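In: I need the structure of the sequence given here:
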Amino acid sequence: MFGECHAHIFMDGINYREAVKCHKDGADEKIIREHLEAYKKAGISFVRDGGDPYGASVLARKLAPEYGIDYRTSAFAIHKAGHYGSIVGKSFTDLKEFHSLVLEAGKQGADFIKIMTTGLLDFADQGKVTGTPLDKKEVREMVHIAHEEGFAVMSHTNGVYGVQAAIEAGVDSLEHGNYMDEECISMLADSRTVWVPTLVTVKNLRGCGRYEDRVLTPIIRKAEENLFLAFQKKAQVALGSDAGAYMVMHGNGIIDEYTAFRSVLGDSDDLENWLKQGENEIKTRFRHPRF
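Out: Numbers count the residues shown, from 1 in each chain. Predicted structure coming up:
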């Protein structure tokens with residue numbers, strides 16, 4: 001079984017608000033153990049968590065060895081004040097504050113740093129991303145600061161401008177990457193950045209009633225086209241489902257993601273080897289030197 005390269009253990013895949021209530025007064029160990037057990041039952045022995053403001057992923061990292069799981073976390077994600085990201089982390093107003101948060105994450109035991117450089121898909125406006133992406137120069141400085149402290153960087157990023165800025169800045173992994181174009185895919189192929197597409201965060205929404213399929217289908221098709229291009233161009237790609245997001249369950253999420261990949265690329269040794277290479281890059285880079 002492949003590892004889960006993008007998860008949020010504080011979410012439950014069912015109801016975000018109710019999940020948060022369980023952790024707001026401190027990480028709920030019982031719930032975290034239930035999610036870890038789900039990974040164990042699915043045969044998943046590696047999980048990379050994008051963090052949360054409640055200490056849930058830090059506790060999961062501590063408990064995971066009991067389940068035979070190598071668990072890595074950013075502790076919390078870091079976003080610029082006024083921009084998307086508060087649901088998974090802490091905000092900064094200037095680069096000095098950003099640096100302080102990087103050091104704080106390290107003190108909490110973070111294996112890597114997670115940054116938020118853009119918003120989310122705007123389901124009400126096809127092809128658009130919510131909010132304003134961070135400026136290229138600022139993203140470059142954020143990545144530089146994290147790298148100088150010995151951390152790899154995981155970047156939540158969507159849209160052409162955001163993706164290009166993140167790749168040029170040298171992020172170690174690019175999460176989601178919705179609405180990329182072919183130039184972005186070529187840039188990925190020429191870089192060391194590993195793309196984690198998280199296809200099922202949208203694909204699993206089909207038929208659930210939250211959004212009409214006519215809204216979801218073009219997004220899904222574009223993501224599949226980009227995945228096919230990435231495979232052709234030999235960009236580095238790894239499996240991650242954003243487990244914990246709505247309709248993406250812990251344990252089963254990565255199985256759904258692999259199924260989504262095979263629906264686009266077929267079932268072959270080439271696909272499996274390609275994904276293993278991407279996962280190995282994640283495993284190698286996303287551990288702080290202190291470990």
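In: how about the helices in the protein?
Out: Assigned by DSSP state H, the helices in the chain fall at 16-23, 29-41, 56-63, 95-107, 136-148, 160-169, 182-189, 200-203, 213-233, 252-265, 269-285.
In: Mean neighbour count and mean pLDDT added to those helices, as JSON lines?
Out: Yep, even glycine has a C-beta here, placed from its N, CA and C like the rest. Formatted as JSON lines, the helices of the chain follow (neighbours: other C-beta atoms under 10 Å; pLDDT from 0 to 100):
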{"stretch": "helix 16-23", "mean neighbour count": "15", "mean pLDDT": "96"}
{"stretch": "helix 29-41", "mean neighbour count": "17", "mean pLDDT": "98"}
{"stretch": "helix 56-63", "mean neighbour count": "23", "mean pLDDT": "98"}
{"stretch": "helix 95-107", "mean neighbour count": "17", "mean pLDDT": "97"}
{"stretch": "helix 136-148", "mean neighbour count": "18", "mean pLDDT": "98"}
{"stretch": "helix 160-169", "mean neighbour count": "23", "mean pLDDT": "98"}
{"stretch": "helix 182-189", "mean neighbour count": "18", "mean pLDDT": "98"}
{"stretch": "helix 200-203", "mean neighbour count": "24", "mean pLDDT": "98"}
{"stretch": "helix 213-233", "mean neighbour count": "16", "mean pLDDT": "97"}
{"stretch": "helix 252-265", "mean neighbour count": "20", "mean pLDDT": "98"}
{"stretch": "helix 269-285", "mean neighbour count": "16", "mean pLDDT": "97"}
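In: Which one, of the ones you listed, ends up nearest to residue 241?
Out: Among the helices of the chain, the nearest to residue 241 by C-beta to C-beta is helix 252-265 (3.3 Å).
In: Alpha carbons only: can I get the closest one in PDB?
Out: Output of helix 252-265 as PDB, limited to C-alpha atoms (Å, rounded to 0.1, in the frame of the first residue of the first chain):
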ATOM      1  CA  ASN A 252      -9.800   4.900   2.600                       C
ATOM      2  CA  GLY A 253      -8.900   8.300   1.100                       C
ATOM      3  CA  ILE A 254      -5.600   7.100  -0.300                       C
ATOM      4  CA  ILE A 255      -7.200   4.000  -1.800                       C
ATOM      5  CA  ASP A 256      -9.700   6.300  -3.500                       C
ATOM      6  CA  GLU A 257      -6.900   8.500  -4.700                       C
ATOM      7  CA  TYR A 258      -5.000   5.600  -6.200                       C
ATOM      8  CA  THR A 259      -8.200   4.400  -7.900                       C
ATOM      9  CA  ALA A 260      -8.600   7.900  -9.400                       C
ATOM     10  CA  PHE A 261      -5.000   7.800 -10.700                       C
ATOM     11  CA  ARG A 262      -5.600   4.400 -12.300                       C
ATOM     12  CA  SER A 263      -8.800   5.700 -14.000                       C
ATOM     13  CA  VAL A 264      -6.600   8.200 -15.800                       C
ATOM     14  CA  LEU A 265      -3.300   6.400 -16.300                       C
END
